[in-house]
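Peer 1: Here is the input, now give the coordinates:
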Amino acid sequence: MLQAHGFAARVRRVRALLAVTTLLGLSLVQTCSAAEPATPVQDEKAVAAQTQTDPPHNASATWRQVRSGTEGFTTVKGTETGVLVSSQGNTWRAVRNGLITPYGGAVLIIVAASIFVFYKKKGTIKLHEPKTGRKVTRFTPNERRAHWLVAISFVCLAFSGIVLLFGKHIFLWLLGYTLFSWLGWISKNLHILAGFSFLVGVVLLFGLFWKDNLWDKSDAEWIRKAGGILNGEHVPSRRFNFGEKTWFWIGVCLFGLIMIFSGLALTFPNLFETRAAMQYAQIIHATSACLVIAMSLGHIYMGTIGMEGAYDAMKTGEVDEAWAKEHHEIWYQEEVAAKHIGGGGGTA
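Peer 2: Numbers count the residues shown, from 1 in each chain. You can find the predicted model right below:
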């Protein structure tokens, strides 16, 4: 009986100790909580406005600042190295892919198709008089070397440029990614190398032919009769007619210089201070290239299959006397007077 009474007393003492321990713990927790300042609940937008930071999961303000072109800090020193994102690049890409590529391609296709239709309708422009067999020297060896330097360089530039600008639309689906990557690499390096030879050739052509391409009163008659291309009418001209002069001054000199300078800017990007200058150079270069390639198609056509005897001038440097009389009569008469070739035969 006494043992049971002692056990009950011990249980009561344990319970009392547990109760006291619990009360002390609760008191300690309340004391710590009272010592900490209360954290007010604020709206996310208010916090963002107060701290000038973005709300959670939305970094639009930060990226707007990045895209503004503001320069940050970087240990790399150089032009625009502190600019993380250049938004103008998107504008350049839109102009290149959305305007130059489709419209430039359309111009080339339209011009090529027009020449094809003209050839199918008119065929090769034949001489009105039979060939005499007597030859007249039209171009010296140095003149032909300069011409072929420009011609070969231009063809290399045109082909490689078409690959670089239109390649993914023309060749990628045909060759596949591996072969097209090699074609692109070859085209890029060929474009750079041919560009320097083209520069040298344009300088040589200008020095050799600029005097013969000055305006002459016979050019007005050539313009009025459209060179006799449509009706086959004979139009006397000097060494170069107005059509050839137009190609020389606009195609070779004007567009040639534009492509040379813009091409140098693309080849040596460190010549300019900003990426925007590179983007402008590429737009000017590609636009000029599309236009001058379209013009060259007419020049190549007339110098090869479009006109009988025209190719001989650049192949051998000589043309038949009948060809000289029919297409450049004034020049022919000047050659006759200067070299006394007359009508009795011989080679000028």
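
Peer 1: State the phi and psi torsions of the residue nearest in space to the middle of the chain.
Peer 2: Nearest to the geometric centre of the chain sits A286, at 3.2 Å (Cα atoms, centre = their mean). Dihedral angles phi and psi of A286 (degrees, to the nearest 10) take the values phi -70, psi -40.

Peer 1: Need the nearest residue in space to it, chain neighbours excluded.
Peer 2: I100 (5.0 Å; Cβ to Cβ, 6 or more residues apart in numbering). Every residue, glycine included, has its C-beta placed from N, CA and C.

Peer 1: Thought T287 was touching the one you found, still the case?
Peer 2: Yes. The criterion here is Cβ atoms under 8 Å, and I100 meets it with T287 at 5.9 Å.

Peer 1: Would you tell me what the next helix or strand after the longest helix anywhere in the chain is?
Peer 2: Counting residues, the longest helix in the chain under DSSP state H turns out to be helix 172-209. Counting by DSSP states H and E, the next helix or strand C-terminal to helix 172-209 is helix 217-224.

Peer 1: Now do the contacts for V202.
Peer 2: V150, V252, C253, G256, L257, I260 (Cβ atoms under 8 Å, 6 or more residues apart in numbering).

Peer 1: Output stretch 305-324 in PDB with nothing but the alpha carbons.
Peer 2: The C-alpha coordinates for stretch 305-324 follow below in PDB (Å, rounded to 0.1, in the frame of the first residue of the first chain):
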ATOM      1  CA  ILE A 305      26.000  35.900-127.600                       C
ATOM      2  CA  GLY A 306      24.000  39.100-128.000                       C
ATOM      3  CA  MET A 307      26.000  40.700-130.800                       C
ATOM      4  CA  GLU A 308      27.900  39.000-133.600                       C
ATOM      5  CA  GLY A 309      31.700  39.700-133.500                       C
ATOM      6  CA  ALA A 310      31.700  41.600-130.200                       C
ATOM      7  CA  TYR A 311      33.500  38.800-128.300                       C
ATOM      8  CA  ASP A 312      36.300  38.800-130.800                       C
ATOM      9  CA  ALA A 313      37.300  42.300-129.600                       C
ATOM     10  CA  MET A 314      38.200  40.900-126.100                       C
ATOM     11  CA  LYS A 315      39.300  37.500-127.300                       C
ATOM     12  CA  THR A 316      41.900  38.500-129.900                       C
ATOM     13  CA  GLY A 317      41.800  42.300-129.700                       C
ATOM     14  CA  GLU A 318      40.700  42.600-133.300                       C
ATOM     15  CA  VAL A 319      37.400  43.000-135.000                       C
ATOM     16  CA  ASP A 320      36.300  42.700-138.600                       C
ATOM     17  CA  GLU A 321      36.300  45.800-140.600                       C
ATOM     18  CA  ALA A 322      32.600  45.400-141.400                       C
ATOM     19  CA  TRP A 323      31.900  45.200-137.600                       C
ATOM     20  CA  ALA A 324      33.900  48.300-136.900                       C
END
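
Peer 1: Just the buried residues of it, please?
Peer 2: 306-310, 313-314, 317-324 (16 or more other Cβ atoms under 10 Å).

Peer 1: now, which of the residues you listed sits nearest E71?
Peer 2: Among those, M314 lies closest to E71 (Cβ to Cβ), at 54.5 Å.

Peer 1: And the helix or strand where Q279 lies, what does it pack against?
Peer 2: Element membership for Q279 (DSSP H and E) is helix 275-303. Helices and strands in packing contact with helix 275-303 are listed as helix 88-95, helix 101-122, helix 141-170, helix 255-267, helix 310-315; criterion 3 or more Cβ pairs under 8 Å, 6 or more residues apart in numbering; DSSP states H and E.

Peer 1: picking up where we left off before, what angle do the longest helix of the chain and helix 255-267 make?
Peer 2: 120 degrees (axes from the mean of the first three to the mean of the last three Cα atoms, to 10 degrees).

Peer 1: for the stretch 101-250 of the chain, which spans come out with low pLDDT?
Peer 2: Within the stretch 101-250 of the chain, the stretches with pLDDT under 70 are 229-232.

Peer 1: quick one: the residue nearest to L205 when sequence neighbours are not counted and I152, what's the gap?
Peer 2: Spatial nearest neighbour of L205, excluding adjacent residues (Cβ to Cβ, 6+ apart): A146 at 5.3 Å. According to Cβ to Cβ, to the nearest Å, A146 stands 11 Å off from I152.

Peer 1: ok, back up a step: next one: the longest helix of the chain to chain centre, how far?
Peer 2: 12 Å (Cα atoms, centre = their mean, to the nearest Å).

Peer 1: buried set for that helix?
Peer 2: For helix 172-209, by 16+ other Cβ under 10 Å, it's 180, 183-184, 187, 190-191, 194-195, 197-199, 201-202, 204-206, 208-209.

Peer 1: now the helices for the stretch 1-150 of the chain?
Peer 2: For the stretch 1-150 of the chain, the helices defined by DSSP state H, counting those that start in this stretch cover 2-35, 44-51, 60-67, 88-95, 101-122, 141-170.
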